[in-house]
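Asks: got a structure for you, letters missing:
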């Protein structure tokens, strides 16, 4: 073979290599290919919240139906739900999921010295933060509601049967529970993505590029729904946030938030404006976010340690306290004071 | 004796084709992919507005169980008024980047910004 032939073959090989590399680059950059697969989103309303499943792939059928079925079991607003029937004084048979939720609520009541209660509907009805008639209840109304609730939980679960004296409101765990259900469906279909029910999230699988999911923590001091105080880079897990900025109303110049202390019947006095919890289940992260807000910074840190959960706590002064497990994956705005505990 | 050339005409065609394709790819990848607002009522998409190219603002009203009035302009999308009690949607400001969203829960109206490319914002929002 002559030297010229070798050169010509080399040049052709180079051109073919260039064309091949270019073709691969084009294919990878196309939507639906390689690491740039775009999420597909399904949205629906359930549990009084906007629910969504952002999935790498096609969202599986039955997502909305599964959350609606859970809502039909645990929502006190749905006339024939198990909880609504229990609230009417009936002794009702529970499914395993609802029984586990009530056990979790009982545990949270113990851990918060009664500030967190599941049988709190008498109070939440009075304040009506979810409705159009919210107002500060009168003293006698509050006393009557607190008397109905008593100092300890009034519900019992025996052999899977629930009975309660004071009506139940599972609003503090419902959205997280729905995230558990949606996440299970994604796993059963070998899909990865993020499910959301209101501000509660479930992270399933991993992103196609292998990077962590980036979760924005809403800025509690901004009215914007798209302003973030910080972000967390997380792999699988569940995230929930409770904050005093979420549902509020102002009466006689004073603003009231929706996280009620069941011992006083009033919005909790806390040194936090927002508690974000990362835990192994949606129901647990949801319950803990409320419980941590109720307890305040120091109590929240102790509770998270005892429950194996991680937290990002934003104080009324704007400072952040983060647990060690999240310290390296938390990014915050410039100027925000962060302490690791 | 026939003289061997380093490149034949077919090689030249191949080079030109690769260069042309590379140029086209660069052109397409640098072009603004565009963004649009997607309005969903009760979880169903009912409108798409390519707001970034609007010369004058467009105002439309949506909602089945309460009405939400939305303004689309080149600057972005915002809720002007809402029948809901809290008015959090009306105070949410203007959105313009892919992934941003304004939700009016009581009226079940959701306005989000979507685009051909993934947004630069977070994958999910808690709070």
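Replies: It's in. Nothing here was measured: the structure is a model prediction, and the numbers come from that model. Residues are numbered from 1 along each chain as shown, chains lettered A, B, ... in the order given.

Asks: residue of the stretch 101-250 of chain A closest to chain B, please.
Replies: Nearest residue of the stretch 101-250 of chain A to chain B, counting by C-beta to the nearest C-beta: residue A:218, 2.8 Å away. From N, CA and C alone the C-beta is placed, and that goes for glycine too.

Asks: number of nearby residues for that residue?
Replies: Neighbour count for residue A:218, taken as other C-beta atoms under 10 Å in any protein chain shown: 24.

Asks: spell out which residues of the stretch 201-341 of chain A are next to chain B.
Replies: Residues of the stretch 201-341 of chain A lying close to chain B (C-beta under 8 Å from any C-beta of the partner chain) are A:201, A:203, A:207, A:213-218, A:220, A:223-226, A:228, A:231, A:239-241, A:243, A:246-249, A:274, A:276.

Asks: for the helix or strand bottoming out on mean pLDDT in chain B, packing partners?
Replies: Ranking every helix and strand in chain B by mean pLDDT, DSSP states H and E puts helix B:9-30 at the bottom, with a mean of 70. On a contact count with 3 or more C-beta pairs under 8 Å, 6 or more residues apart in numbering or on different chains; DSSP states H and E, helix B:9-30 meets helix A:3-29.

Asks: strands paired with the following helix or strand past the helix it packs on, and their directions?
Replies: Next helix or strand after helix A:3-29 toward the C-terminus (DSSP states H and E): strand A:40-46. Sheet pairing of strand A:40-46 (DSSP bridges) gives strand A:49-55 (antiparallel).

Asks: got the buried residues for the helix or strand just after the partner strand?
Replies: Per DSSP H and E, strand A:49-55 leads on to helix A:63-74 as the next helix or strand towards the C-terminus. Of the residues in helix A:63-74, A:63-64, A:66-68, A:70-74 count as buried by neighbour count, 16 or more other C-beta atoms under 10 Å in any protein chain shown.

Asks: could you list which of those residues also contact chain B?
Replies: residue A:64.

Asks: taking chain B, what residue is nearest to chain A?
Replies: Taking C-beta to the nearest C-beta, chain B has residue B:127 as its residue nearest chain A, at 2.8 Å.

Asks: residues contacting that residue?
Replies: The neighbours of residue B:127, taking C-beta atoms under 8 Å, 6 or more residues apart in numbering or on different chains as the test, are A:199, A:216-218, A:220, A:241, A:243, A:246, A:274, A:276.

Asks: mind putting the residues you listed in CSV, secondary structure included?
Replies: Below are these laid out as CSV (DSSP: H, G, I helix; E, B strand; the rest coil):
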residue, secondary structure
A:199, coil
A:216, strand
A:217, strand
A:218, strand
A:220, coil
A:241, strand
A:243, strand
A:246, coil
A:274, strand
A:276, strand
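
Asks: re earlier: ok, of the residues of the stretch 201-341 of chain A next to chain B, which come out buried?
Replies: Buried members of these, counted by 16+ other C-beta under 10 Å: A:201, A:203, A:207, A:213-218, A:220, A:224-226, A:228, A:231, A:239-241, A:243, A:246-249, A:274, A:276.

Asks: spatially central residue in chain B, please.
Replies: Central residue of chain B (C-alpha atoms, centre = their mean): residue B:35, 2.1 Å from the mean position.

Asks: what bridges to that one?
Replies: Residues in a beta bridge with residue B:35, per DSSP bridges, are residue B:115.

Asks: so how many other residues sit close to the closest residue to residue A:223 other than its chain neighbours?
Replies: Leaving aside its chain neighbours, residue A:223 sits nearest to residue B:91 (4.2 Å; criterion: C-beta to C-beta, 6 or more residues apart in numbering or on different chains). The tally of other residues near residue B:91 (other C-beta under 10 Å) stands at 15.

Asks: what's residue B:91 sitting at in phi/psi?
Replies: phi -100, psi 0 (degrees, to the nearest 10).

Asks: correct me if wrong: it contacts residue A:225.
Replies: No - using C-beta atoms under 8 Å, residue B:91 is not in contact with residue A:225, being 9.4 Å away.

Asks: thinking again about what came up before, show me what contacts the residue nearest to the centre of chain B?
Replies: Shown in contact with residue B:35 (C-beta under 8 Å, 6+ apart): B:50-52, B:96-98, B:113-115.

Asks: just the buried ones among these, please.
Replies: For the contacts of residue B:35, buried by 16+ other C-beta under 10 Å: B:51-52, B:96, B:98, B:113-115.

Asks: lowest-confidence member of the residues you listed, which is it?
Replies: pLDDT across the buried ones among the contacts of residue B:35 is at its lowest for residue B:115, which sits at 83.
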